[in-house]
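>>> need a structure here:
(chains A and B)
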Number of protein chains: 2
Amino acid sequence: MRNIFTLIKKSAECRGRLGKINTARGIINTPVFMPVGTQGTVKGVPMEFLKKSKAQIILANSYHLYLRPGTQIIKEAGGIAKFCSWDGPMLTDSGGFQIFSLNAIRKITDNGTQFQSHIDGSMHFFTPEKSIEVQKDIGADIIMCFDECVALPSDIKYVKKSVDLSLAWAKRCKTQFYCDDADERQTLFGIIQGGVYDNLRKESAQKMLDIGFEGYAVGGLSVGESKEDMERILILMDEFLPIDKPRYLMGVGMPEDLWMGVENGIDMFDCVIPTRNGRNGQVFTSLGKINIRNTQYKNDFSPLDPHCDCPTCKHYTKAYLNHLVRAKETLYLVLLSTHNIFFMTNLMQIISQAIAEDRFYSAKEDFFKKYYSNKN
Amino acid sequence: MRNIFTLIKKSAECRGRLGKINTARGIINTPVFMPVGTQGTVKGVPMEFLKKSKAQIILANSYHLYLRPGTQIIKEAGGIAKFCSWDGPMLTDSGGFQIFSLNAIRKITDNGTQFQSHIDGSMHFFTPEKSIEVQKDIGADIIMCFDECVALPSDIKYVKKSVDLSLAWAKRCKTQFYCDDADERQTLFGIIQGGVYDNLRKESAQKMLDIGFEGYAVGGLSVGESKEDMERILILMDEFLPIDKPRYLMGVGMPEDLWMGVENGIDMFDCVIPTRNGRNGQVFTSLGKINIRNTQYKNDFSPLDPHCDCPTCKHYTKAYLNHLVRAKETLYLVLLSTHNIFFMTNLMQIISQAIAEDRFYSAKEDFFKKYYSNKN
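Prediction:
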């Protein structure tokens, strides 16, 4: 095991921190927002635009890539980054979340999970070992332990059982990861579960630390619990997680969650919101969220966001984007998704800068004063 | 009226020629392939990519833009080029072809055409005068006369009546174009009709010349007639059309038609084929047409076309594009359409270069030797 994280600065105001994650494909400055490229493409966003967005690392999904195009093809291509023409670091999840959230699961045993392909209905079986092998073939820089992701609300008995199962699987993942064919360029993260139950979160965190990973994710949040629950658990995690390992809050990415997450010591975030919202015409701007389809934008010849440096804001007006959405022209997917990705990567720069200059809370206040101004 | 065309060179081998069209938004080197942006966007292709493709002029459709977003919005935006963020010349068709080809037509009289919106079923009436006013509001650099586009096969009696109607309308278009509010930056082209009947084509050409336009289009071809018919009519047109006016073959754009069209004196082409084929996974390459969805490309890690300088060929492999098409990921629309546009603009450069160097026929032979080699 090698330490991939360097702590650069602890905030003087909050639990937030600045750091660097050192991967074989480059350095990631944290805190970082990671765009999601489920099937090896951040939906609708050409790599040329992603690179301009200052995105530092992209996610891909093992479940999807395993089913299509298949790990063999990605391995032959030289790994996922080369396959999808991204020359920076990448991260794959274990497939666990997709298997559970897509209701693809057929049977769960101590050994693993049987699931059905959402593409052709074929049956597959993932063990922790299998998930690690799949992720080795896919070849991302950071890979995740295979775990059970419990839907909320779940009763404490079920969550406890699930925490135990995920811990047992985490051990097996680590063993498999460090077996003979380990690729030293890859890094394995553990995932802390436990729902909204403080005791279970503590237990999960402590036992994950006992196993020992190069980074820790907080999983199973942003799945229906309250914002208060999420924040309380992050504060709790900050007490347990070592200062010299990166911390990743999985599947979280609304602007308010990014501020809150960083405030409480999170280094890494991922979320499909920028592209999913883009597909629905919903756009993040420094002056708040807007839906570009609204009639008021039909003859609004200003850019989406006057403070944005993305290709969409540089070249196109709201009126044109409104037209593209109404005409269902493919280009709107490209332009809105690209803008939303830029919004998130720019936001992380704003937050990082605020921590660097010890003005986190005033920067947060400034941001939300504009964000909730509804001037748009 | 002002002359917008400069003849640079007549081929020593064939009827082909090199020229320049001078518009307010820039010079267009001919022969030229014009990508089609029906609704103010070349489907799926960001302007950044279009600019790199050396596309010199883009088409838009008056019928579509009149219905949505409406000409008032485009006028307020400062014209179609500004609206869609294209900083080169543009051309609009009159709406005639769309009204007839979308079966939107309800009633045709000497005065004009009643048609029904394909969007909301609302009724509209285009006269020649109305079409010109719509095109003035849209504000493209080159605009077209409103005419009747007859489907083939049609009997000679119907085509004769239609030629007469289009001639009467062309006169009215010209009168309306040069009335008080004429924008000197715009240029009006006449359209020659007459189906596959040589006498009617001759009559249409002669009478259009009598009316007098700054450019002439050959309309109503590539609508079901044989390649021989198309070529015979182009050869006939070459006899009648003045050497100092640009000639535009409407809606034609397969590689073999581009060679044949240039060979017979055509300067301008437009076609939806690059983007429409892209959406179906069909790709033009120097080694022939391929469908990237085919199984053989699943683990083919070479670019679409080894001789192409487009962003798709520079960055992505056939295996990745095959994956995107199969996974129905939006990005494939962007990447394949972009490549196909580059293929057409690159082909026009190859043809132009061949005329410049008086090796048209040897270049054509070389091109098709590879194109039909099926090495892909």
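
>>> what does the stretch 51-200 of chain A have sitting close to chain B?
A:64, A:68, A:69, A:72, A:73, A:76, A:77, A:83, A:84, A:85 (CB under 8 Å from any CB of the partner chain). C-beta coordinates here come from the backbone N, C-alpha and C atoms, glycine included.

>>> Give me the neighbour count for the residue nearest to residue A:38 when sequence neighbours are not counted.
Of all residues not flanking residue A:38 in the chain, residue A:61 sits nearest, at 4.8 Å (CB to CB, 6 or more residues apart in numbering or on different chains). Using other CB atoms under 10 Å in any protein chain shown, residue A:61 is surrounded by 20 other residues.

>>> farthest pair in the residues of the stretch 51-200 of chain A next to chain B?
Pairwise distances across those (CB to CB) peak at 19.1 Å, for the pair A:72 and A:85.

>>> Which of the residues of the stretch 51-200 of chain A next to chain B sits closest to residue B:261?
residue A:85 (35.7 Å).

>>> any idea of the pLDDT on that closest one?
pLDDT, residue A:85: 96.

>>> again, but for residue A:223
86.

>>> one step back: OK, contacts around the residue nearest to residue A:38?
By CB atoms under 8 Å, 6 or more residues apart in numbering or on different chains, residue A:61 lies in contact with A:36, A:38, A:39, A:92, A:93, A:95, A:98.

>>> Can you tell me which of those is closest to chain B?
The shortest approach to chain B among those belongs to residue A:39, at 4.7 Å (CB to the nearest CB).

>>> my guess is that closest one meets residue A:65, correct?
Yes - counting by CB atoms under 8 Å, residue A:39 does reach residue A:65; the two are 6.9 Å apart.

>>> thinking again about what came up before, neighbour count: residue A:72 and residue A:85, which is higher?
More crowded of residue A:72 and residue A:85, by other CB under 10 Å: residue A:85, with 22 against 11.

>>> Secondary structure of that one: a strand, I assume?
No - Residue A:85 is assigned coil when assessed by DSSP: H, G, I helix; E, B strand; the rest coil, not a strand.

>>> Could you find the closest non-adjacent residue to the most centrally placed residue in chain A?
Nearest to the geometric centre of chain A sits residue A:270, at 1.7 Å (CA atoms, centre = their mean). Leaving aside its sequence neighbours, residue A:270 sits nearest to residue A:34 (CB to CB, 6+ apart; 4.2 Å).

>>> Report the secondary structure state of that neighbour.
Here residue A:34 is strand, with the state taken from three-state DSSP.

>>> Quick one: residues contacting it.
Residues near residue A:34 by CB under 8 Å, 6+ apart: A:55, A:56, A:57, A:58, A:59, A:91, A:268, A:269, A:270.

>>> From chain B, how far off is it?
Distance of residue A:34 to chain B, computed by CB to the nearest CB, to the nearest Å: 18 Å.

>>> Residue A:353: how many residues sit nearby?
The tally of other residues near residue A:353 (other CB under 10 Å) stands at 13.

>>> ok so, going back, name the residues that touch the helix or strand encompassing the residue nearest to the centre of chain A?
Under the criterion of DSSP states H and E, residue A:270 resides in strand A:268-271. Strand A:268-271 has contacts (CB under 8 Å, 6+ apart) with A:21, A:30-36, A:59, A:91, A:217, A:246-254, A:257-258, A:261, A:344, A:348.

>>> and if we set it to 10 Å?
A:19, A:21, A:28, A:30-36, A:56-59, A:91, A:93, A:142, A:189, A:215, A:217, A:222, A:246-254, A:257-258, A:261-262, A:277, A:344, A:348 (CB atoms under 10 Å, 6 or more residues apart in numbering or on different chains).

>>> quick one on the thing from earlier: now a ChimeraX select for only the buried ones of the contacts of residue A:34.
In ChimeraX, this line selects whichever of these come out buried by 16 or more other CB atoms under 10 Å in any protein chain shown:
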select /A:55,56,57,58,59,91,268,269,270
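
>>> Now distance to residue A:316 too, for the contacts of residue A:34, in TSV please.
Output for those, formatted as TSV (distance: CB to CB, whole Å):
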residue	distance to residue A:316
A:55	20
A:56	26
A:57	27
A:58	24
A:59	27
A:91	31
A:268	31
A:269	27
A:270	27
